[in-house]
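Student: Okay, predicted coordinates and the sequence, questions at the end:
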Amino acid sequence: MVLVDLNTRRRCSRTRSRCVWVDLIATEARRQQVATFGRFALMQGCTKASAFPFEAFSIADGLHMNDWGYDCFARNLAAAIVRSAAPVLQWASASYRQTDFSSDTALH
């Protein structure tokens, strides 16, 4: 399970209440021991690090992401999942290579 925090909006991204909500989501995720994905920071970073204005990744309502915004979100979420799964995949791969499948006791 992954909790995704808030989307960012230009008219709200400067308010303290947005940071409070992001902090509350992160706190609850830690309490529930689930991962979080920082969509708020990702979208803020997209506008700060690129030459694209905020409107480049949102639709006319200024709240919902457009196709480019969802593509950016999906690619970054997928990369985060792969990075977090890498140690598990390495362990599983090593365990698989060490298993003797010729024995009928290999599967329980």
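Tutor: On my side now, so go ahead.
Student: okay, CA-based contacts and neighbour counts for the rest of this
Tutor: OK.
Student: low-confidence ranges in this protein?
Tutor: For the chain, the stretches with pLDDT under 70 are 9-18, 88-108.
Student: quick one, strands of it?
Tutor: 2-4, 35-37 (DSSP state E).
Student: so of those, which one's packed in deepest?
Tutor: Among the strands of the chain, the stretch with the highest mean neighbour count (mean count of other C-alpha atoms under 10 Å) is strand 35-37, at a mean of 17.
Student: Does anything pack onto it? Which helices or strands?
Tutor: If you count contacts as 3 or more C-alpha pairs under 8 Å, 6 or more residues apart in numbering; DSSP states H and E, strand 35-37 packs onto strand 2-4, helix 16-32.
Student: roughly how far out does that strand sit from the chain middle?
Tutor: Offset of strand 35-37 from its chain centre (C-alpha atoms, centre = their mean, to the nearest Å): 6 Å.
Student: So in that sheet, which strands flank that strand, and in what orientation?
Tutor: strand 2-4 (parallel) (DSSP bridges).
Student: now the partner strand, how far from the centre of its chain.
Tutor: Chain-centre distance of strand 2-4: 7 Å, with C-alpha atoms, centre = their mean.
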